[in-house]
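> Fold the following for me, if possible:
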Amino acid sequence: MSGKVLLTGISGFVAKHVAIELLNSGFEVLGTVRNKSSIEQTKKTLEENNVSTEKLSFVELDLIKDEGWNEAAKGCKYIIHVASPFPFKVSNDRESLTPAAKDGTLRVLNAGINAGVEHFVKTSSIVCMFRKPNRTNPYTFGENDWTDVEWNKTTDYFVSKTRAEKAAWDLMESKGLKNNLTCINPGFVLGDFLNEKSCTSMEYIKQLLQGKFPAAPKFSVMISHVKDIARAHVLSLANKRAGGRRLIVGSEVRSILELSKIMAENLPSHAKKLPKKELPNFMVKLLSYIDTSAKNLVPDLGLTMQTDQTYSEEILQMKFLPSETAVVDAAKSVVRLKLA
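Residues are numbered from 1 along each chain as shown. Next up, the predicted model:
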């Protein structure tokens, strides 16, 4: 495989893995960073993972500014848009993350359209699909479902990701280019964190291993291995069957307590600190007033999600890694990096 790929947010958790997959597949990669200070660390991390950076270059760009996007997209055959804000804490302003997520997506797509880019792959999320009022328990969601952004329990991250993905599809449809876009919709992304750069997935695993959760919230979510997500992005580039599709990428649905048990079995050194029981829902709701990170969990407490992602495996011709592998890889990398 060959051609130049514009990869946004290359210093992030998912994007670093996408960069590894692209470079190992023979693509030329132009990675965007919001701040030049992250270039050296990103390059070093890739090289430490035995990746040649000969075909890698960087450009400093900001999702909330117009400058530079058209120039960056010129000469690119593909665009993979990963960059999007995902803070650990939740803002009371439900639209606080929307400008960077939605307007940033439109900037990237428009620049690519102007440059004649052949195919776009956007990192989305199942958070764009499953949050809505009056769900059954268990509840099922799929490719045609959308999160209700008007529901007052839909938090800032869910709102921003949903608005961004909807805006992407609306733009591409208006240009007659719907089949030139693929959205990858993972669940809770775990796997090797590669370096010390913090991200929300890492924070949750780190806090569990550090004993910050005396008991686990009754929260369940589909687990996605970051390597599967990276591979799915790259396999979608030249796969006509992936065009115009929202691909759910992940394996089993697991509760936080199950994640803790998996980590305890595989990291006995940290077993004592990991939660061994579940927290009553009302306690999590009370805690969410003190620790806003818990607000993302509250609307789904006690609910079990169900989805069928086998259509994605069939389109991409790959088998997703088991959730246990993703959990163990994440936990072991946190310990290896001496973060817990």
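> Going by residue numbers, what spans are strands in the stretch 51-200 of the chain?
Using DSSP state E, counting those that start in this stretch, the strands of the stretch 51-200 of the chain run over residues 56-60, 78-81, 119-123, 139-140, 181-186, 188-190.
> Just send these back as JSON lines, with distance to residue 109, mean pLDDT and mean neighbour count too.
Yep, even glycine has a C-beta here, placed from its N, CA and C like the rest. Compiled in JSON lines, the strands of the stretch 51-200 of the chain are given as follows (distance: least, Cβ to Cβ, whole Å; pLDDT from 0 to 100; neighbours: other Cβ atoms under 10 Å):
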{"stretch": "strand 56-60", "distance to residue 109": "17", "mean pLDDT": "97", "mean neighbour count": "17"}
{"stretch": "strand 78-81", "distance to residue 109": "7", "mean pLDDT": "98", "mean neighbour count": "28"}
{"stretch": "strand 119-123", "distance to residue 109": "6", "mean pLDDT": "98", "mean neighbour count": "26"}
{"stretch": "strand 139-140", "distance to residue 109": "30", "mean pLDDT": "96", "mean neighbour count": "14"}
{"stretch": "strand 181-186", "distance to residue 109": "8", "mean pLDDT": "98", "mean neighbour count": "27"}
{"stretch": "strand 188-190", "distance to residue 109": "22", "mean pLDDT": "97", "mean neighbour count": "26"}
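> OK, contacts around the residue nearest to residue 267 when sequence neighbours are not counted?
Counting by Cβ to Cβ, 6 or more residues apart in numbering, residue 267 lies nearest to residue 331, which is 5.6 Å off, once chain neighbours are set aside. Residues in contact with residue 331 (Cβ atoms under 8 Å, 6 or more residues apart in numbering) are 205, 209, 263, 266, 267, 270.
> And those, which of them are buried?
For the contacts of residue 331, a neighbour count by 16 or more other Cβ atoms under 10 Å gives the buried set as 205, 209, 263, 267, 270.
> hmm, back to that, what's the farthest-apart pair in the contacts of residue 331?
Spanning the widest gap among those are 205 and 266, at 12.3 Å by Cβ to Cβ.
> Tell me the one of the buried ones among the contacts of residue 331 nearest residue 239?
Distances from residue 239 to the buried ones among the contacts of residue 331, taken as Cβ to Cβ, are shortest for residue 205 (31.5 Å).
> thinking again about what came up before, which residues belonging to whatever helix or strand the residue nearest to residue 267 lives in are considered buried?
Under the criterion of DSSP states H and E, residue 331 resides in helix 323-336. Buried residues in helix 323-336, counted by 16+ other Cβ under 10 Å: 323, 324, 325, 326, 327, 328, 329, 330, 331, 333, 334, 335.
> would you turn the residues you listed into CSV with distance to residue 312 and pLDDT?
Conversion of the buried residues of helix 323-336 to CSV gives the following (distance: Cβ to Cβ, whole Å; pLDDT from 0 to 100):
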residue, distance to residue 312, pLDDT
323, 15, 97
324, 20, 98
325, 18, 98
326, 16, 98
327, 20, 98
328, 23, 98
329, 20, 98
330, 21, 97
331, 26, 97
333, 25, 97
334, 28, 97
335, 31, 96
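> can you list those residues in JSON lines and add distance to residue 246?
Formatted as JSON lines, the buried residues of helix 323-336 follow (distance: Cβ to Cβ, whole Å):
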{"residue": "323", "distance to residue 246": "21"}
{"residue": "324", "distance to residue 246": "26"}
{"residue": "325", "distance to residue 246": "24"}
{"residue": "326", "distance to residue 246": "21"}
{"residue": "327", "distance to residue 246": "25"}
{"residue": "328", "distance to residue 246": "28"}
{"residue": "329", "distance to residue 246": "26"}
{"residue": "330", "distance to residue 246": "25"}
{"residue": "331", "distance to residue 246": "29"}
{"residue": "333", "distance to residue 246": "29"}
{"residue": "334", "distance to residue 246": "30"}
{"residue": "335", "distance to residue 246": "35"}
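> Most distant residue from the centre of this protein?
Distance from the C-alpha centroid of the chain, by Cα atoms, centre = their mean, peaks at residue 272 (29.7 Å).
> Now do the SS call for that one.
Classification of residue 272 using DSSP: H, G, I helix; E, B strand; the rest coil returns helix.
> residues touching the closest residue in space to it that isn't next to it in sequence, list them.
Among residues not flanking residue 272 along the chain, residue 211 sits closest, at 7.7 Å (Cβ to Cβ, 6+ apart). Counting by Cβ under 8 Å, 6+ apart, residue 211 makes contact with 272, 273, 274.
> Could you say which helix or strand holds residue 211?
Per DSSP H and E: nothing holds residue 211, as it lies in no helix or strand.
> Which of the residues in the helix ranked longest in the chain are classified as buried?
If you go by DSSP state H, the chain has its longest helix at helix 156-174. Residues of helix 156-174 classed as buried by neighbour count (16+ other Cβ under 10 Å): 156-169, 171-172.
> just stretch 244-262 next, same as before
Under 16+ other Cβ under 10 Å, the buried positions of stretch 244-262 are 244-251, 253-262.
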